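Visitor: here is my input; please provide its structure:
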Amino acid sequence: MHEISPGGAAPGPRGPAAAGVPAPGRPAPGSAPGTAAEPHVSWWGTCALLVGVAVLTGTTALVASLALDVRLRDPEGFLGPSYVRLPALAAGFLLVDLLPRLALGVRSAGGGARAAAARAVLRERLAPQRLGLVLLGLLSFYVTYVGYRNLKNHLPLLRGELHDRDLLRLDEAMAFGADPAHVLHEALGTGVAAHVLSAVYVFFLFFVPFSLALALVRVRDPRDGYWYVTALGLNWALGTASYYLLPALGPVYADPAQYADLPATGVSELQASLMRSRVLVLADPHGTDRIHGIAAFASLHVSIVLTAALVAQLAHLGAVVRWVLWAYAALTALATVYFGWHYLVDVLAGAAVAGASVWLGALGTRAWRHRAVPLPPGPPVR
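Guide: Take a look at the predicted model:
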C-alpha cells in the first residue's frame with residue numbers, strides 16, 4: 001500500500017462497520033430505558049494480542065531507527081498528528097454515542113426519575129473499564145501504526161533491491177500476456193472512471209480512523225470492537241513484513257508511460273508527492289522531515305477494506321452494511337490496479353493478509369468463542 005494517513009468509513013454494531021445502535025439485550029438493573037447491558041470483559045483475554053502486536057511493531061521500529069541513526073517520526077494526516085486525531089475522533093464519537101442515549105433515557109423516564117436515568121446512562125457509557133478499553137485500543141493502534149510508518153520509511157535504506165521487473169512479468173503472465181492496467185483503461189475509459197476510482201481510493205483516508213473510533217466506542221460488546229481493531233493492527237504488522245519480503249515500487253513507478261494518459265486526479269497528485277518524498281529520503285534520510293511511503297507488495301488498501309468486509313460478514317451485520325463493504329473492497333482492488341499502485345499478485349497478497357488478520361484477530365480476542373454463547377444479562381462493564 002502506498003501510504004496516505006488513513007481515515008474512515010464506518011463499521012457497525014456488533015462488529016467493525018457499524019452505525020452503533022446497540023444490539024438487543026436486557027437492560028441492566030437500574031439502567032436507563034433504551035440502554036442495554038454490556039458483558040463483563042476479561043481485559044487480558046481481549047487486549048493481549050493487540051497490545052503484543054503494538055509492542056513488537058513499535059520495538060522493531062525503534063531498534064531499526066537506532067541502527068540507522070534516523071529519528072522516529074509521527075506521521076501526520078488530514079486531522080493532524082496521530083496522537084491528536086485519534087483521541088479527538090474517540091472523544092467526538094463518545095459524545096455522539098452518549099448524547100442520544102441521554103436524551104432517550106431522560107425523555108423515557110419523565111418526571112423526577114430523569115436525573116436518575118441520566119446518571120445511569122453516564123455510569124454505563126463512561127464506566128472506567130469501558131473507557132480504559134477505548135484508550136488502550138487507541139494507544140495500541142497508534143503505536144502499531146507509527147511503527148509501521150517508520151519501518152516503511154526505513155525500507156529503502158534496509159532493503160534497497162527492487163523486484164518490479166519480475167512482478168511486471170508476472171502481471172502479464174497472470175493477465176495472459178496483456179497489461180492489466182491497460183486492459184482496465186480500455187474497458188473503463190480514462191475520463192469519468194478515473195475520477196470515480198480516484199475518489200474510491202482516496203476515501204481510504206477517512207475510512208480507517210473513523211471505523212477505528214466507531215469500533216471502539218459504539219459497539220455494545222467490546223470484544224467485537226477489539227476483534228476489528230486487533231485485525232487492523234495485524235494488517236499493519238503483516239503488511240510491513242511483506243514489504244521487506246518482496247520490496248517493489250509498483251507499476252506506475254516502474255512503467256510510468258502506461259499511465260501517462262490518465263487525467264489529473266487526487267491519486268495522481270498523491271503519486272507525485274510520494275515520489276518526491278522517496279527522492280528526498282534517499283538523498284538525505286537524516287535531514288528530511290518527509291516519510292518514505294511507497295511499497296507495492298502487499299496491497300494494504302485491499303487488505304484493510306477487505307478486513308472490514310470480512311468482520312462485518314462474520315459478525316452478521318445488516319445486509320446493507322455487508323454489501324456496501326464488499327462493494328467498497330471490490331472497487332478498491334480495481335482502483336489499485338487501474339492507477340498502477342499494485343500488481344495483481346499484490347491484490348492477492350492483500351487478500352491473504354486480510355484473511356490471516358481476521359482469523360488471528362478472532363482467536364486473539366476470543367471473538368468466535370463468545371459469539372457461540374448468547375450474551376448474558378448483567379450490569380454494564382465496570
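Visitor: need the three-state assignment for the closest residue to residue 349 other than its chain neighbours.
Guide: For residue 349, ignoring the flanking residues on the chain, the nearest one in space by CB to CB, 6 or more residues apart in numbering is residue 298 at 3.3 Å. For the C-beta atoms, the positions are set from N, CA and C on the backbone; glycine is no exception. Recorded secondary structure, residue 298: coil (DSSP: H, G, I helix; E, B strand; the rest coil).
Visitor: assess the claim that residue 298 and residue 355 are in contact.
Guide: No. Counting by CB atoms under 8 Å, residue 355 is not a contact partner of residue 298; they are 11.6 Å apart.
Visitor: any stretches of this protein with poor pLDDT?
Guide: By pLDDT under 70, the weakly predicted segments of the chain are 1-44, 76-83, 85-86, 105-106, 109-112, 219-221, 369-382.
Visitor: element containing the residue nearest the centre of it?
Guide: Most central in the chain under CA atoms, centre = their mean is residue 208, positioned 3.9 Å from the mean C-alpha point. Using DSSP states H and E, residue 208 maps to helix 204-217.
Visitor: who touches residue 336 in this structure?
Guide: Contacts for residue 336 (CB atoms under 8 Å, 6 or more residues apart in numbering) come out as 201, 299, 301-302, 342, 346-347.
Visitor: which ones among the residues you listed lie within helices?
Guide: Among the contacts of residue 336, the residues falling in helices (DSSP state H) are 201, 301-302, 346-347.
Visitor: which of these sit farthest apart?
Guide: 201 and 346 (14.1 Å; CB to CB).
Visitor: who has more neighbours, these two?
Guide: Neighbour tally, residue 201 and residue 346, criterion other CB atoms under 10 Å: the higher count belongs to residue 346, 30 against 24.
Visitor: I'd guessed that one sits against residue 295; true?
Guide: No. Here residue 346 lies out of contact with residue 295, judged by CB under 8 Å, at a distance of 9.4 Å.
Visitor: farthest pair within the contacts of residue 336?
Guide: The largest separation in the contacts of residue 336, counting by CB to CB, is between 201 and 346 at 14.1 Å.
Visitor: ok, residues contacting stretch 357-364?
Guide: So stretch 357-364 is in contact with 48-50, 227-228, 230-232, 234-235, 238, 303, 307, 310-311, 314, 367-368, going by CB under 8 Å, 6+ apart.
Visitor: how about 10 Å then?
Guide: If you take CB atoms under 10 Å, 6 or more residues apart in numbering as the criterion, stretch 357-364 is touched by 16, 45-50, 52-53, 223, 226-239, 303-304, 306-311, 313-315, 367-369, 371.
Visitor: how about it: buried residues?
Guide: Buried residues in stretch 357-364, counted by 16 or more other CB atoms under 10 Å: 357-358, 360-362, 364.
Visitor: with stretch 94-105 instead?
Guide: Neighbour-count burial for stretch 94-105 [16+ other CB under 10 Å]: 94, 97-98, 101-102, 104-105.
Visitor: returning to what we had before: in JSON lines: the ones in helices among the contacts of residue 336, plus distance to residue 183.
Guide: Below are the ones in helices among the contacts of residue 336 laid out as JSON lines (distance: CB to CB, whole Å):
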{"residue": "201", "distance to residue 183": "18"}
{"residue": "301", "distance to residue 183": "20"}
{"residue": "302", "distance to residue 183": "18"}
{"residue": "346", "distance to residue 183": "16"}
{"residue": "347", "distance to residue 183": "14"}
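Visitor: out of the residues you listed, who's nearest residue 165?
Guide: Distance to residue 165 across those (CB to CB) is lowest for residue 346, with 14.9 Å.
Visitor: please save the CA atoms from stretch 143-157 in PDB.
Guide: Taking Å, rounded to 0.1, in the frame of the first residue of the first chain, the C-alpha atoms of stretch 143-157 are listed here in PDB:
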ATOM      1  CA  VAL A 143       2.000   2.600  18.500                       C
ATOM      2  CA  THR A 144       1.400  -0.100  15.800                       C
ATOM      3  CA  TYR A 145       0.700   2.500  13.100                       C
ATOM      4  CA  VAL A 146       3.600   4.700  13.900                       C
ATOM      5  CA  GLY A 147       5.900   1.600  14.000                       C
ATOM      6  CA  TYR A 148       4.500   0.600  10.600                       C
ATOM      7  CA  ARG A 149       5.100   4.000   9.000                       C
ATOM      8  CA  ASN A 150       8.600   4.200  10.300                       C
ATOM      9  CA  LEU A 151       9.500   0.700   9.200                       C
ATOM     10  CA  LYS A 152       8.100   1.600   5.800                       C
ATOM     11  CA  ASN A 153      10.300   4.800   5.900                       C
ATOM     12  CA  HIS A 154      13.300   2.600   6.600                       C
ATOM     13  CA  LEU A 155      12.500   0.200   3.800                       C
ATOM     14  CA  PRO A 156      14.700   1.700   1.000                       C
ATOM     15  CA  LEU A 157      17.600   2.000   3.500                       C
END
